[in-house]
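Engineer: Provide a 3D model corresponding to the input given below.
(chains A, B and C)
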Amino acid sequence: MKPIDLHPDRLFPAEPATRALARALYDTVRDLPIVSPHGHTDPQWYADDAPFPDASALLIVPDHYVFRMLYSQGIPLEQVGIPRRDGGPVERDARKIWRTFAAHYHLFRGTPTRMWLDHAFRAEFGMEERLTAESADRYFDRINAMLATPAFRPRALFERFNIEVIATTESPLDPLAHHARIRASGWKGRVVTAYRPDPVVDPEFDGFRANVAKLGEITGENTATWTGYLAAHRNRRAYFKSMGATSTDHGHPTALTCDLDAAACQKLLDRALAGTIAAEEAEQFRGQMLTEMATMSRDDGLVMQIHPGSFRNHNALLFADFGRDKGADIPTRTDYVRALRPLLAKHGNARDLTVILFTLDETSYARELAPLAGHYPILKLGPPWWFHDSPEGMLRFREQATETAGFYNTVGFNDDTRAFLSIPARHDVARRIDCRFLATLVREHRLGEDEAFDLAPQLAYHLAKQAYKL
Amino acid sequence: MKPIDLHPDRLFPAEPATRALARALYDTVRDLPIVSPHGHTDPQWYADDAPFPDASALLIVPDHYVFRMLYSQGIPLEQVGIPRRDGGPVERDARKIWRTFAAHYHLFRGTPTRMWLDHAFRAEFGMEERLTAESADRYFDRINAMLATPAFRPRALFERFNIEVIATTESPLDPLAHHARIRASGWKGRVVTAYRPDPVVDPEFDGFRANVAKLGEITGENTATWTGYLAAHRNRRAYFKSMGATSTDHGHPTALTCDLDAAACQKLLDRALAGTIAAEEAEQFRGQMLTEMATMSRDDGLVMQIHPGSFRNHNALLFADFGRDKGADIPTRTDYVRALRPLLAKHGNARDLTVILFTLDETSYARELAPLAGHYPILKLGPPWWFHDSPEGMLRFREQATETAGFYNTVGFNDDTRAFLSIPARHDVARRIDCRFLATLVREHRLGEDEAFDLAPQLAYHLAKQAYKL
Amino acid sequence: MKPIDLHPDRLFPAEPATRALARALYDTVRDLPIVSPHGHTDPQWYADDAPFPDASALLIVPDHYVFRMLYSQGIPLEQVGIPRRDGGPVERDARKIWRTFAAHYHLFRGTPTRMWLDHAFRAEFGMEERLTAESADRYFDRINAMLATPAFRPRALFERFNIEVIATTESPLDPLAHHARIRASGWKGRVVTAYRPDPVVDPEFDGFRANVAKLGEITGENTATWTGYLAAHRNRRAYFKSMGATSTDHGHPTALTCDLDAAACQKLLDRALAGTIAAEEAEQFRGQMLTEMATMSRDDGLVMQIHPGSFRNHNALLFADFGRDKGADIPTRTDYVRALRPLLAKHGNARDLTVILFTLDETSYARELAPLAGHYPILKLGPPWWFHDSPEGMLRFREQATETAGFYNTVGFNDDTRAFLSIPARHDVARRIDCRFLATLVREHRLGEDEAFDLAPQLAYHLAKQAYKL
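Structural biologist: Here you go, the predicted structure:
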């Protein structure tokens, strides 16, 4: 039997003195509560508290990190049960799906997905042998059996994971009914929403026109006028805030911001609603809305997150067959220096605004993001995101951003995941890598040991709470 | 005497536990045969099996890695015997050339060239002292003496290097006469060609018009028509395949691909042949041909390699005096996400095509290439190329690509060299660095030790054989 | 009491064998004189040799590395005594300024500023406790007391810092009166100027028109004509050279160079002086002047430095209130391959010219700068600059540039600072990191130990002297 190696010193450097200190630092943060200020778990889980159906439905079908790798090696998405838009046949036998996955588990060697899954297998499901084609059925049966128990219901997991607060992410059109039910239920778990207006802010979003009309209906505003459209946002932001939101989130193709006059904005809105807007104008509209959102944040206090630089749905055929979020979003080169300038010219020196910047383009860490965050009072750096939410990615972030931005212009960790079971593992990886980084600084006499012990809980817990006002 | 330090633990990290494991892994792959799926050795060597003339002609004059560094420090190319296009005087005394090189050998400290040469000096020629101005003559005499022996003829070296198969790279216009002679000779060494159509695919290539005409003559096709031009390619690909080719190779300034209709293609071809094609159209023509080559590969099974991003012949004066490949090709920023989309839209989801991507822009590893290869079934990542074929370059590749693409979307090592004597050293460096990377993962408990022992021969041998169908 | 950790092994890797060798290498270069070939110290200091007023005026108010970080965390510049352009009220109590700084000293954890300051506190001022809010007054009093002593006058510090030669940077309009007084004083300290013509070369520089007119007055040339304008530069370069200058320096937004004919140049000059020049034309004018400066350097022998890629005064509001150099310059993506080609086509193969390239875009190290410097005889690579003048930045530079450019196409270290007290610390960091890099190469058997001992003083001292002709 090949064991799962969930070694207590994993991710620490091999050099013994540094490792010992990394472990000592980690020991002080390992059991801190999880603050998850940005992510994509489904609020219905916490509202219904229904058991997860089976191992495949929980761990494979919803996780594009998993099936993108399988797909890259020639396994059709149908074979792992990803539903087709046309309702065409896909594998429905959860055990077969699991076997396909298990037989290809070696593909994940060296990836964070492997690390997160092994963590969940060992720590949550008590598996000691590694997942292989041979052990697939034992895994499947055991996981399914445990999922059927009360201890594996969403709320029980939430509590066992020691989650102090988790943010989900919803469209302005979402009634937040699940959040309302959670609050009404009397359960003490803290689940808050976040305002993600892409569907009504991005003229190129599927159904934009109908979305904006619906926004008008919900709020009683005339969203065909620029004034009414902005008022509708203010209205929904207030509602989201009443449901616990402390932040907004913006997933744009670029970081472009604009600062146009109202007449120009009305014109762009007209063309967007008429469906005649050009690509460059749609970009301007999104850019203008970032600046508008910043203006509103200075009023209502919501922290603003910008997640730019993903080329969404790069694989047109796959998009046609299976839809969004199927592992075909590809990062692109992203400029911040020129792109953010209009927003920064208007709000950059404010004391009543926090804008957290993310990137999929690591070249911007040292060149653009750390210098920007190390100057502008409103800017903070979000943690390594998506493809870079990984041990090497986290190390590069600290190595490239810290010397210019320091630690206090960063905001701790985001898991940013829809894979509920991976949350403890992801926070654990971040805590380990941060402690490793701190230990290295101390052992090279670049930081006092007492300072490292002071910083470790900041990075693991406090900075996220403060930056996100949680 | 300063010794050559060909230490058995070279390139392994200093930390003892990691070093010991790296060495143990390396011991299992050190003696595996060399699979060299892409390179630029001269097939005439293997056909003629004539002795190499002397140390300078073998190790300096053909190696632009060597003389570019000398040139950068003010040594005229004439002084090391690089032939001028105008036939003007250059140094012809091989000993003097060697002395010039030896006197400047310190310039190569810290470079892979130094490592490759030291490896060859020690392992092939048995030199124990380091090359210096003082030892120059002893080197020159000994190397020359050994080159005159049968053991240093190309075929003997090929066999002693334990090369299982090597690919050369030829133009479609090449009759492959040397390859035919190798096959006819009864020698068991496996030397295959690869189809590199740049001279007939790039309208900006020297002599493009004549080249396309010659392609027509060779194949009996009317290469002035788009249909005939494509048919001629199919014809030559089939011939190359009959001479062992399993791959094509494309060295374009960018990774742009296009998918135009036949009328537009004919128009571009017309203008290219008329010599009136604009730079942007030439770019489109090359981009279109990448997509056409992919289409043909799905028919004939040749694996496709794309090597984009080199600004060729950057130094116009040097090009005028000495011609191509004189160390003046400079990498440029290279986009893949938008550039490859037309080809990927057409063929990206195929199961019968492999496209291997290379880059001279390391920023694309984590941002673009790993995400693309970690999704599209046709894409694989080639090893670090050219300036990045180096210990640090290889480490950066593994550290930046593995977490998103894994190991199985990579294809082992290419030496890509015209420097025959460097081949064992280059593969040795790659094997050492890969074992170092694996050992680090194990020691940090990110990979099982048994998995590392399973992966090491994959990276050193099997993945290249599989990906290139060798 | 928390001590300042100025450990003798700081910045060396934790692995004992590598650390021991790094230390041994460092011991051979620690006490070498400082050659500071490029920087921004004020020549008036050396001319007047007056005491520095107080701790805040010396260490906070002039150092944008310090107050940019404070500003990023919400501390108004007024609160640390940065003068407003409008003469509006700012804090003038040096002790209060110092206390504000001390209370936020934790923000600098992990930054080079922290390392430089701790070095100065411990090594120059003898402080053993760390700077905190609690120790602020003890620091302030002790530093002030010491600054009032003869041992802390500029010339005494210069000598105690073991500075062999330092270059300042002046505009062509500067009469170099301080340099003349230094020379006339009989003091043996060597302070030379450098020719930084941005104010008369950049049409977008504040007061360009008046500057060019003044250049005409000073030189007796008609600077409204292209010929006269160039002659005026030649005139001033000769004067700067007579005041010890061995170099010029050019801080442009990009690395663009041009090679236009005289008529086109006159036209650009006309438009620049008329104030009607478009942004793109201003860019051409600057680019043309780089090529002209290279031409002049071939005549007068001044070494040319290009510092491109900073987006100056990104924060318009801050610029309006406080002016230039207030921590709001942000790096941008910078191309060298296409940008430098016109200059290189004209001068790239010269044997009588040195152009030293700097970058704020680290992605260019391996991709563009090392390949360019590893080929063109005129090009050398400057050390990591500004945001990258840091331990991690220096390591990345060596790791990314050495394999292609070697060591001998680099030029040692520049402190590039206006923070006089940081000069010993900055050179010390560079020496430590270079020794660390060399030790790592040796311990991984990539370089002979004797070669590392040969290279260490080259990197610490000799290469800078040679490249800058000092």
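Engineer: which other helices and strands contact the helix or strand harbouring A:T100?
Structural biologist: Using DSSP states H and E, A:T100 falls within helix A:94-103. On a contact count with 3 or more C-beta pairs under 8 Å, 6 or more residues apart in numbering or on different chains; DSSP states H and E, helix A:94-103 meets helix A:55-59, helix A:64-72, helix A:136-147. Where you see a C-beta, it was placed from the backbone N, CA and C, and this is true even at glycine.
Engineer: so who does A:H38 touch?
Structural biologist: A:A167, A:T169, A:A194, A:S247, A:D249, A:Q305, A:G382, A:N414, A:D415, A:D416, A:Y468 (C-beta atoms under 8 Å, 6 or more residues apart in numbering or on different chains).
Engineer: try A:C258
Structural biologist: A:C258 neighbours (C-beta under 8 Å, 6+ apart): A:Q284, A:G287, A:Q288, A:L290, A:T291, A:P342.
Engineer: identify the residue nearest the first one in space, chain neighbours excluded?
Structural biologist: In other words, A:Q284. A:C258 (5.3 Å; C-beta to C-beta, 6 or more residues apart in numbering or on different chains).
Engineer: can you check A:D259 too?
Structural biologist: Nearest one to A:D259, counting by C-beta to C-beta, 6+ apart, is A:P342 at 4.2 Å.
Engineer: and that neighbour, how far from A:D299?
Structural biologist: Per C-beta to C-beta, to the nearest Å, A:P342 is found 19 Å from A:D299.
Engineer: and for the residue in the stretch 351-470 of chain A that chain B sits nearest to, the neighbour number?
Structural biologist: Chain B sits closest to A:S390 of the stretch 351-470 of chain A, with a gap of 4.2 Å, by C-beta to the nearest C-beta. Number of residues near A:S390 (other C-beta atoms under 10 Å in any protein chain shown) recorded here: 24.
Engineer: read off the pLDDT value for A:S72.
Structural biologist: Model confidence at A:S72, given as pLDDT, is 98.
Engineer: so who does it touch?
Structural biologist: Applying C-beta under 8 Å, 6+ apart, we find A:S72 in contact with B:A373, B:G374, B:H375, B:Y376, B:P377, B:L379, B:A405, B:N409.
Engineer: my guess is the fifth one contacts B:H347. True?
Structural biologist: Translated: B:P377. No. Counting by C-beta atoms under 8 Å, B:P377 does not reach B:H347; the two are 9.8 Å apart.
Engineer: hey, where'd the strands end up in the stretch 101-250 of chain A?
Structural biologist: For the stretch 101-250 of chain A, applying DSSP state E, counting those that start in this stretch gives strands covering A:163-167, A:191-192, A:247-250.
Engineer: tell me how far the second one is from the chain's mean position?
Structural biologist: Between the mean C-alpha location of strand A:191-192 and the chain-wide mean there is a distance of 15 Å, by C-alpha atoms, centre = their mean, to the nearest Å.
Engineer: neighbouring strands - and their directions - for it?
Structural biologist: strand A:163-167 (parallel) (DSSP bridges).
Engineer: now do the buried residues in the strand it pairs with.
Structural biologist: Neighbour-count burial for strand A:163-167 flags A:I163, A:E164, A:V165, A:I166, A:A167 (criterion: 16 or more other C-beta atoms under 10 Å in any protein chain shown).
Engineer: what's near enough to touch the closest residue to the second one other than its chain neighbours?
Structural biologist: If you skip the residues right next to it in sequence, A:E164 has A:P33 as its closest partner in space, 3.7 Å away by C-beta to C-beta, 6+ apart. Residues in contact with A:P33 (C-beta under 8 Å, 6+ apart) are A:N162, A:I163, A:E164, A:Y461.
Engineer: quick check: the farthest pair among those?
Structural biologist: Within those, A:I163 and A:Y461 form the most distant pair, 12.0 Å apart (C-beta to C-beta).
Engineer: in a helix, A:M304, correct?
Structural biologist: No. Counting by DSSP: H, G, I helix; E, B strand; the rest coil, A:M304 is not part of a helix but strand.
Engineer: mind checking how far the helix or strand hosting A:A264 is from the chain centre?
Structural biologist: A:A264 belongs to helix A:262-274 when assigned by DSSP H and E. Helix A:262-274 has its average C-alpha position 31 Å from the chain's average C-alpha position, going by C-alpha atoms, centre = their mean.
Engineer: then stretch A:58-78?
Structural biologist: On C-alpha atoms, centre = their mean, the centre of stretch A:58-78 falls 19 Å from that of its chain.
Engineer: go through it and flag the buried ones.
Structural biologist: A:58-72, A:75, A:77.
Engineer: now do the same end-to-end measure for it.
Structural biologist: By C-alpha to C-alpha, to the nearest Å, the extent of stretch A:58-78 from end to end equals 17 Å.
Engineer: which residues does the residue nearest to the spatial centre of chain A contact?
Structural biologist: Centroid-nearest residue in chain A, with C-alpha atoms, centre = their mean: A:D416, separated by 1.9 Å. Applying C-beta under 8 Å, 6+ apart to A:D416 gives the contacts A:H38, A:G39, A:H40, A:W385, A:W386, A:D389.
Engineer: in which helix or strand would I find it?
Structural biologist: Counting by DSSP H and E, A:D416 is part of no helix or strand.
Engineer: helix/strand/coil for the residue in the stretch 201-350 of chain A that chain C sits nearest to?
Structural biologist: Relative to chain C, the nearest point of the stretch 201-350 of chain A is A:V337 (5.0 Å; C-beta to the nearest C-beta). Each residue gets one of three states, and A:V337 gets coil by three-state DSSP.
Engineer: for it, give me the pLDDT.
Structural biologist: pLDDT, read off for A:V337, is 98.
Engineer: that one touches C:F311, doesn't it?
Structural biologist: Yes. Counting by C-beta under 8 Å, C:F311 is a contact partner of A:V337 at 5.3 Å.
Engineer: mind showing which ranges of the stretch 351-470 of chain A have poor pLDDT?
Structural biologist: Scanning the stretch 351-470 of chain A for pLDDT under 70 picks out nothing.
Engineer: so which bits of it are right by chain C?
Structural biologist: A:351, A:363, A:366-368, A:370-377, A:379, A:399-400, A:402-409, A:440-441, A:443-448, A:450-451, A:454-455 (C-beta under 8 Å from any C-beta of the partner chain).
Engineer: closest one to chain B out of the contacts of A:P33, please.
Structural biologist: Nearest to chain B among the contacts of A:P33, with distances taken as C-beta to the nearest C-beta, is A:N162, at 22.8 Å.
Engineer: alright, calling it a day.
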